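In: Next one to model:
(one chain, ligands or ions: 1)
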Amino acid sequence: MIEKIIKEHEEDKKSMRCDGYLGREAKDVLHKLLDISDDNDAPIKLTREHIKAFILDLLVAGTHTSAITVEWALAQLINNQDVLEKAREEIDKIVGKRRLVEESDIPNLPYLRAIVKETLRLHPAGPVIIRESAEDYTIGGYHIPAKTRLFVNVWAIGRDPQHWENPFEFDPDRFIDNRLSKLDVRGQHFHFLPFGSGRRGCTGTTLALQVVQTTLAMLIQCFDFKIGDDTNAKVDMKEGEGVTLPRAHPLNFTPIPRLDLLPILN
Ligand code: HEM
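Out: Numbers count the residues shown, from 1 in each chain. Okay, the predicted model is just below:
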(Lines give C-alpha, C1' and ligand atoms only; values in the text may rest on other atoms or scores of the structure.)
Protein backbone atom coordinates (compact mmCIF):
# COMPACT_ATOMS: atom_id res chain seq x y z
CA MET A 1 0.00 0.00 0.00
CA ILE A 2 2.74 2.44 0.97
CA GLU A 3 4.71 1.57 -2.19
CA LYS A 4 1.61 2.44 -4.26
CA ILE A 5 1.19 5.79 -2.51
CA ILE A 6 4.89 6.59 -2.99
CA LYS A 7 4.62 5.78 -6.70
CA GLU A 8 1.59 8.10 -7.08
CA HIS A 9 3.55 10.88 -5.41
CA GLU A 10 6.50 10.26 -7.72
CA GLU A 11 4.11 10.60 -10.67
CA ASP A 12 2.88 13.93 -9.20
CA LYS A 13 6.47 15.05 -9.03
CA LYS A 14 7.20 14.02 -12.65
CA SER A 15 4.04 15.61 -14.02
CA MET A 16 4.53 18.65 -11.75
CA ARG A 17 1.01 18.42 -10.43
CA CYS A 18 1.51 19.93 -7.01
CA ASP A 19 2.56 23.20 -5.48
CA GLY A 20 6.18 24.07 -6.01
CA TYR A 21 6.09 21.87 -9.08
CA LEU A 22 3.28 23.75 -10.87
CA GLY A 23 1.34 25.53 -8.15
CA ARG A 24 -1.91 23.54 -8.28
CA GLU A 25 -2.03 21.46 -5.12
CA ALA A 26 -0.04 21.89 -1.92
CA LYS A 27 2.79 19.44 -1.37
CA ASP A 28 2.14 16.97 1.42
CA VAL A 29 4.68 15.45 3.77
CA LEU A 30 5.47 12.59 1.37
CA HIS A 31 6.21 14.99 -1.51
CA LYS A 32 8.64 16.78 0.79
CA LEU A 33 10.34 13.55 1.86
CA LEU A 34 10.77 12.59 -1.82
CA ASP A 35 12.29 16.02 -2.51
CA ILE A 36 14.79 15.47 0.29
CA SER A 37 15.63 11.99 -0.94
CA ASP A 38 16.35 13.41 -4.43
CA ASP A 39 18.61 16.09 -2.99
CA ASN A 40 22.18 14.89 -3.40
CA ASP A 41 23.46 17.74 -1.21
CA ALA A 42 21.26 16.77 1.77
CA PRO A 43 23.37 16.07 4.90
CA ILE A 44 21.66 12.69 5.36
CA LYS A 45 20.69 10.51 2.42
CA LEU A 46 17.01 9.58 2.82
CA THR A 47 16.37 6.14 1.29
CA ARG A 48 13.08 4.61 0.21
CA GLU A 49 13.25 2.37 3.30
CA HIS A 50 13.56 5.44 5.53
CA ILE A 51 10.53 7.03 3.88
CA LYS A 52 8.43 3.87 4.23
CA ALA A 53 9.42 3.47 7.88
CA PHE A 54 8.57 7.11 8.57
CA ILE A 55 5.12 6.88 6.97
CA LEU A 56 4.40 3.57 8.74
CA ASP A 57 5.47 5.13 12.03
CA LEU A 58 3.00 7.98 11.60
CA LEU A 59 0.18 5.60 10.64
CA VAL A 60 0.82 3.09 13.42
CA ALA A 61 1.54 5.61 16.19
CA GLY A 62 -0.94 8.25 15.15
CA THR A 63 -4.24 6.79 14.00
CA HIS A 64 -5.45 4.16 16.47
CA THR A 65 -4.24 6.14 19.50
CA SER A 66 -6.21 9.25 18.55
CA ALA A 67 -9.32 7.26 17.51
CA ILE A 68 -9.34 5.28 20.76
CA THR A 69 -9.01 8.46 22.82
CA VAL A 70 -12.07 9.97 21.09
CA GLU A 71 -13.97 6.71 21.67
CA TRP A 72 -13.16 6.63 25.42
CA ALA A 73 -14.04 10.32 25.75
CA LEU A 74 -17.43 9.75 24.12
CA ALA A 75 -18.10 6.74 26.34
CA GLN A 76 -17.32 8.83 29.43
CA LEU A 77 -19.54 11.68 28.20
CA ILE A 78 -22.46 9.33 27.57
CA ASN A 79 -22.10 8.00 31.13
CA ASN A 80 -21.64 11.49 32.60
CA GLN A 81 -24.44 13.54 31.09
CA ASP A 82 -23.74 16.53 33.38
CA VAL A 83 -20.23 16.79 31.90
CA LEU A 84 -21.63 16.47 28.38
CA GLU A 85 -24.15 19.26 29.05
CA LYS A 86 -21.47 21.54 30.45
CA ALA A 87 -19.22 20.95 27.42
CA ARG A 88 -22.13 21.63 25.10
CA GLU A 89 -23.00 24.87 26.89
CA GLU A 90 -19.40 26.02 26.51
CA ILE A 91 -19.34 25.21 22.79
CA ASP A 92 -22.74 26.80 22.15
CA LYS A 93 -21.65 29.95 23.99
CA ILE A 94 -18.24 30.32 22.30
CA VAL A 95 -18.95 28.91 18.81
CA GLY A 96 -22.72 29.10 18.48
CA LYS A 97 -24.94 26.91 16.35
CA ARG A 98 -24.41 28.46 12.92
CA ARG A 99 -20.96 27.12 12.15
CA LEU A 100 -18.86 24.08 13.03
CA VAL A 101 -16.19 24.17 15.72
CA GLU A 102 -12.76 24.83 14.21
CA GLU A 103 -9.25 24.13 15.45
CA SER A 104 -8.80 27.84 16.15
CA ASP A 105 -11.68 27.68 18.70
CA ILE A 106 -9.89 25.16 20.93
CA PRO A 107 -7.89 27.73 22.99
CA ASN A 108 -11.25 29.29 23.94
CA LEU A 109 -12.75 25.96 25.13
CA PRO A 110 -11.02 25.19 28.47
CA TYR A 111 -13.67 22.72 29.65
CA LEU A 112 -13.37 20.70 26.44
CA ARG A 113 -9.58 20.60 26.87
CA ALA A 114 -10.08 19.44 30.46
CA ILE A 115 -12.34 16.61 29.23
CA VAL A 116 -9.57 15.40 26.92
CA LYS A 117 -7.00 15.57 29.72
CA GLU A 118 -9.29 13.63 32.04
CA THR A 119 -9.83 11.02 29.31
CA LEU A 120 -6.07 10.67 28.81
CA ARG A 121 -5.59 10.30 32.59
CA LEU A 122 -8.02 7.39 32.88
CA HIS A 123 -7.55 5.86 29.42
CA PRO A 124 -4.01 6.56 28.17
CA ALA A 125 -3.64 5.10 24.66
CA GLY A 126 0.02 4.51 25.54
CA PRO A 127 -0.56 2.81 28.91
CA VAL A 128 3.03 1.63 29.35
CA ILE A 129 6.19 3.42 28.29
CA ILE A 130 9.49 1.63 28.02
CA ARG A 131 13.01 2.75 28.86
CA GLU A 132 16.43 1.16 29.36
CA SER A 133 18.68 2.32 32.19
CA ALA A 134 21.88 3.84 30.80
CA GLU A 135 23.87 3.21 33.98
CA ASP A 136 23.62 1.62 37.46
CA TYR A 137 21.22 3.57 39.67
CA THR A 138 19.46 3.28 43.01
CA ILE A 139 16.01 4.77 43.35
CA GLY A 140 13.41 4.35 46.13
CA GLY A 141 15.65 1.67 47.69
CA TYR A 142 15.80 -0.39 44.50
CA HIS A 143 19.07 -0.98 42.74
CA ILE A 144 18.66 -0.89 38.96
CA PRO A 145 21.65 -2.28 37.04
CA ALA A 146 22.69 -0.64 33.78
CA LYS A 147 20.90 -1.84 30.64
CA THR A 148 17.76 -2.95 32.53
CA ARG A 149 14.48 -2.76 30.61
CA LEU A 150 12.07 -0.56 32.61
CA PHE A 151 8.31 -0.40 32.19
CA VAL A 152 6.55 2.75 33.40
CA ASN A 153 2.88 2.05 34.11
CA VAL A 154 1.25 5.30 32.94
CA TRP A 155 -2.22 3.79 33.42
CA ALA A 156 -1.61 3.01 37.12
CA ILE A 157 0.07 6.38 37.76
CA GLY A 158 -3.01 8.14 36.37
CA ARG A 159 -5.16 6.31 38.96
CA ASP A 160 -2.82 6.57 41.93
CA PRO A 161 -4.78 7.89 44.98
CA GLN A 162 -1.55 9.42 46.30
CA HIS A 163 -1.68 11.88 43.41
CA TRP A 164 -5.35 12.09 42.42
CA GLU A 165 -8.40 12.84 44.54
CA ASN A 166 -11.22 10.38 43.77
CA PRO A 167 -9.02 8.83 41.07
CA PHE A 168 -11.73 6.65 39.49
CA GLU A 169 -14.19 9.51 39.00
CA PHE A 170 -14.43 11.17 35.59
CA ASP A 171 -14.12 14.75 36.75
CA PRO A 172 -12.71 17.24 34.19
CA ASP A 173 -13.19 20.06 36.71
CA ARG A 174 -10.12 18.82 38.56
CA PHE A 175 -8.10 20.38 35.72
CA ILE A 176 -9.98 23.67 35.90
CA ASP A 177 -10.60 24.94 39.35
CA ASN A 178 -7.74 23.89 41.58
CA ARG A 179 -3.98 23.59 41.57
CA LEU A 180 -4.13 21.04 38.73
CA SER A 181 -5.19 23.70 36.22
CA LYS A 182 -1.51 24.14 35.28
CA LEU A 183 -1.01 20.38 34.82
CA ASP A 184 0.21 19.80 31.31
CA VAL A 185 0.18 16.63 29.19
CA ARG A 186 3.69 17.07 27.79
CA GLY A 187 5.73 15.08 30.28
CA GLN A 188 6.67 17.83 32.74
CA HIS A 189 4.62 16.30 35.58
CA PHE A 190 5.55 12.72 36.34
CA HIS A 191 2.13 11.71 37.72
CA PHE A 192 0.51 12.53 34.37
CA LEU A 193 2.35 11.10 31.36
CA PRO A 194 -0.17 10.33 28.59
CA PHE A 195 2.38 11.26 25.90
CA GLY A 196 5.45 9.99 27.76
CA SER A 197 8.32 12.27 28.57
CA GLY A 198 11.73 13.43 27.46
CA ARG A 199 13.43 13.02 24.12
CA ARG A 200 11.50 9.82 23.32
CA GLY A 201 8.17 11.37 24.25
CA CYS A 202 5.37 11.34 21.68
CA THR A 203 6.37 13.41 18.66
CA GLY A 204 2.73 13.73 17.61
CA THR A 205 1.39 15.35 20.80
CA THR A 206 0.38 18.64 19.19
CA LEU A 207 -1.27 16.95 16.21
CA ALA A 208 -2.99 14.39 18.48
CA LEU A 209 -4.45 17.10 20.71
CA GLN A 210 -5.69 19.11 17.73
CA VAL A 211 -7.31 16.05 16.14
CA VAL A 212 -8.85 14.64 19.34
CA GLN A 213 -10.07 17.96 20.73
CA THR A 214 -11.56 19.20 17.46
CA THR A 215 -13.19 15.88 16.57
CA LEU A 216 -14.71 15.54 20.02
CA ALA A 217 -15.90 19.16 20.01
CA MET A 218 -17.66 18.68 16.66
CA LEU A 219 -19.37 15.49 17.86
CA ILE A 220 -20.56 17.21 21.05
CA GLN A 221 -21.73 20.23 19.06
CA CYS A 222 -23.65 18.29 16.43
CA PHE A 223 -25.12 15.22 18.14
CA ASP A 224 -26.94 13.76 21.07
CA PHE A 225 -25.94 10.18 21.80
CA LYS A 226 -28.49 7.47 22.43
CA ILE A 227 -27.82 3.92 23.59
CA GLY A 228 -30.74 1.57 22.98
CA ASP A 229 -34.22 2.62 24.14
CA ASP A 230 -33.43 3.21 27.78
CA THR A 231 -32.52 6.88 28.30
CA ASN A 232 -30.60 5.94 31.47
CA ALA A 233 -28.57 3.18 29.83
CA LYS A 234 -24.87 3.24 30.67
CA VAL A 235 -21.94 2.33 28.48
CA ASP A 236 -19.90 -0.68 29.59
CA MET A 237 -16.43 0.71 30.41
CA LYS A 238 -14.56 -2.60 30.40
CA GLU A 239 -11.06 -2.39 28.95
CA GLY A 240 -9.85 -4.83 26.33
CA GLU A 241 -6.38 -6.12 25.63
CA GLY A 242 -3.84 -4.38 23.46
CA VAL A 243 -0.94 -1.96 23.52
CA THR A 244 -3.20 1.04 22.91
CA LEU A 245 -5.71 0.20 25.68
CA PRO A 246 -8.77 -0.38 23.48
CA ARG A 247 -12.30 -0.85 24.77
CA ALA A 248 -13.37 -4.45 25.38
CA HIS A 249 -16.54 -3.83 23.37
CA PRO A 250 -17.05 -1.38 20.51
CA LEU A 251 -18.94 1.75 21.49
CA ASN A 252 -22.37 1.41 19.91
CA PHE A 253 -24.70 4.39 20.03
CA THR A 254 -27.13 6.24 17.79
CA PRO A 255 -26.08 9.81 17.00
CA ILE A 256 -29.13 12.10 16.99
CA PRO A 257 -28.48 15.40 15.18
CA ARG A 258 -29.15 18.38 17.46
CA LEU A 259 -28.38 21.06 14.86
CA ASP A 260 -29.66 21.63 11.35
CA LEU A 261 -26.47 20.27 9.80
CA LEU A 262 -27.06 20.89 6.10
CA PRO A 263 -26.71 24.71 6.10
CA ILE A 264 -23.71 24.42 8.43
CA LEU A 265 -21.95 21.89 6.22
CA ASN A 266 -22.73 23.88 3.07
C1 HEM B 1 -4.08 10.58 21.67
C2 HEM B 1 -3.15 10.21 20.81
C3 HEM B 1 -1.76 9.74 21.18
C4 HEM B 1 -1.28 9.25 22.37
C5 HEM B 1 -2.04 9.04 23.68
C6 HEM B 1 0.12 8.96 22.16
C7 HEM B 1 0.97 8.47 23.15
C8 HEM B 1 2.29 8.14 22.95
C9 HEM B 1 3.17 7.62 23.95
C10 HEM B 1 2.80 7.34 25.42
C11 HEM B 1 4.38 7.42 23.38
C12 HEM B 1 5.64 6.87 24.08
C13 HEM B 1 6.37 8.05 24.67
C14 HEM B 1 7.54 7.72 25.55
O15 HEM B 1 8.06 6.60 25.50
O16 HEM B 1 7.96 8.61 26.35
C17 HEM B 1 4.27 7.82 21.99
C18 HEM B 1 5.30 7.75 21.07
C19 HEM B 1 5.20 8.17 19.76
N20 HEM B 1 4.12 8.77 19.17
FE21 HEM B 1 2.32 9.13 20.03
N22 HEM B 1 0.46 9.27 20.88
C23 HEM B 1 -0.65 9.77 20.24
C24 HEM B 1 -0.73 10.23 18.94
C25 HEM B 1 0.33 10.31 18.05
C26 HEM B 1 0.27 10.91 16.74
C27 HEM B 1 -0.96 11.59 16.13
C28 HEM B 1 1.50 10.72 16.16
C29 HEM B 1 2.01 11.14 14.81
C30 HEM B 1 1.28 11.32 13.76
C31 HEM B 1 2.32 10.03 17.13
C32 HEM B 1 3.64 9.66 16.91
C33 HEM B 1 4.43 9.05 17.85
C34 HEM B 1 5.79 8.60 17.59
C35 HEM B 1 6.53 8.71 16.24
C36 HEM B 1 6.28 8.05 18.78
C37 HEM B 1 7.65 7.44 19.04
C38 HEM B 1 8.59 8.52 19.53
C39 HEM B 1 9.99 7.99 19.79
O40 HEM B 1 10.16 6.80 20.10
O41 HEM B 1 10.95 8.77 19.71
N42 HEM B 1 1.57 9.80 18.27
N43 HEM B 1 2.99 8.27 21.76
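
In: Can you pull the residues of the stretch 151-266 of the chain lying near the ligand?
Out: 194-197, 200-204, 207-208, 212 (Cβ under 6 Å from any ligand atom). For every residue, glycine as well, the C-beta is placed using N, CA and C.

In: Can I get the residues you listed in a markdown table including secondary structure, neighbour count and pLDDT?
Out: Shown next, in a markdown table, are those (DSSP: H, G, I helix; E, B strand; the rest coil; neighbours: other Cβ atoms under 10 Å; pLDDT from 0 to 100):
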| residue | secondary structure | neighbour count | pLDDT |
| --- | --- | --- | --- |
| Pro194 | coil | 28 | 97 |
| Phe195 | coil | 24 | 97 |
| Gly196 | coil | 20 | 97 |
| Ser197 | coil | 18 | 96 |
| Arg200 | helix | 11 | 93 |
| Gly201 | coil | 15 | 96 |
| Cys202 | coil | 22 | 96 |
| Thr203 | coil | 15 | 93 |
| Gly204 | coil | 17 | 94 |
| Leu207 | helix | 13 | 95 |
| Ala208 | helix | 22 | 97 |
| Val212 | helix | 22 | 98 |
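
In: Output the below-cut-off pLDDT ranges for this structure.
Out: Within the chain, the ranges that satisfy pLDDT under 70 run 16-25, 179.

In: element containing Ala61?
Out: In the assignment (DSSP states H and E), Ala61 maps to helix 48-79.

In: How about Leu262?
Out: Going by DSSP H and E, Leu262 is part of helix 261-265.

In: Please state the offset of that helix from the chain centre?
Out: Computed by Cα atoms, centre = their mean, to the nearest Å, the chain-centroid distance of helix 261-265 equals 27 Å.

In: Which single residue of the stretch 51-200 of the chain ends up nearest the ligand?
Out: Gly196 (1.9 Å; Cβ to the nearest ligand atom).
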